[in-house]
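**Student:** how would this look folded up:
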Amino acid sequence: MKSKKRVSASANALAGRHPSKDVFTRAERSRIMGRIRSTRTKPEIIFKRFLELVGARFQFQPRLFGRPDFLVGGKVAVFIDNAFWHGKGNIPRSNRVYWIKKLRRNRQRDLEVSRVLRSRGYVVLRLDDKLVLKLLRDLG
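**Tutor:** Next up is the predicted model:
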């Protein structure tokens, strides 16, 4: 008897095969994705309150290359990264080829932004949003 070879979901995606369809209609998915915020997220607001509480000098969403969430003390660029959008979460089952390519490009852009800011003399901190929420919840 010949055993079936298991193929990973990402291998299926790279081969253009879609193991399952989205559970939402196109309109529902569009509405859901449209509600995702890119600025003033809950982790950013909580981190901002923390910086204010400890009396740190900072700029919120300064106009710097790569658009960090905070510039602390004039030289520390802080990014609060969402796990999904920065390639650390699960990849959606529908349209996997698109998502794999999109999230890979996001990670590459993160590396490039960090490299450029460091070359300009900034210290770059990339914090996971869930970690920020957990740490600040534990503090408080």
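
**Student:** Quick check: next helix or strand after the lowest-mean-pLDDT helix or strand in the chain?
**Tutor:** Here the helix or strand of the chain ranked lowest by mean pLDDT, DSSP states H and E is helix 9-14, holding a mean of 49. The helix or strand immediately downstream of helix 9-14 is helix 26-34, counting by DSSP states H and E.

**Student:** Run through the residues that contact residue 50.
**Tutor:** Going by C-beta atoms under 8 Å, 6 or more residues apart in numbering, residue 50 touches 136, 139. C-betas here are computed from N, CA, C, even on glycine.

**Student:** Which strand or helix spans it?
**Tutor:** Using DSSP H and E, residue 50 falls within helix 42-53.

**Student:** buried set for that helix?
**Tutor:** Within helix 42-53, the residues scored as buried using 16 or more other C-beta atoms under 10 Å are 43, 44, 46, 47, 48.

**Student:** Hmm, residue 116 and residue 64 touching each other?
**Tutor:** No - applying C-beta atoms under 8 Å, one finds residue 64 not in contact with residue 116, separated by 9.7 Å.

**Student:** Wait, residue 107 touches residue 84, no?
**Tutor:** No - the criterion here is C-beta under 8 Å, and residue 107 misses it with residue 84 at 11.9 Å.

**Student:** one step back: next SSE downstream of the helix holding residue 50?
**Tutor:** Proceeding N to C from helix 42-53, the next assigned helix or strand is strand 58-60, under DSSP H and E.

**Student:** contact partners of that next one?
**Tutor:** For strand 58-60, contacts defined as C-beta under 8 Å, 6+ apart pick out 44, 48, 51, 69, 70, 71, 72, 73.

**Student:** and the gap between the third one and residue 113?
**Tutor:** Relative to residue 113, residue 51 is positioned 21 Å away (C-beta to C-beta, to the nearest Å).
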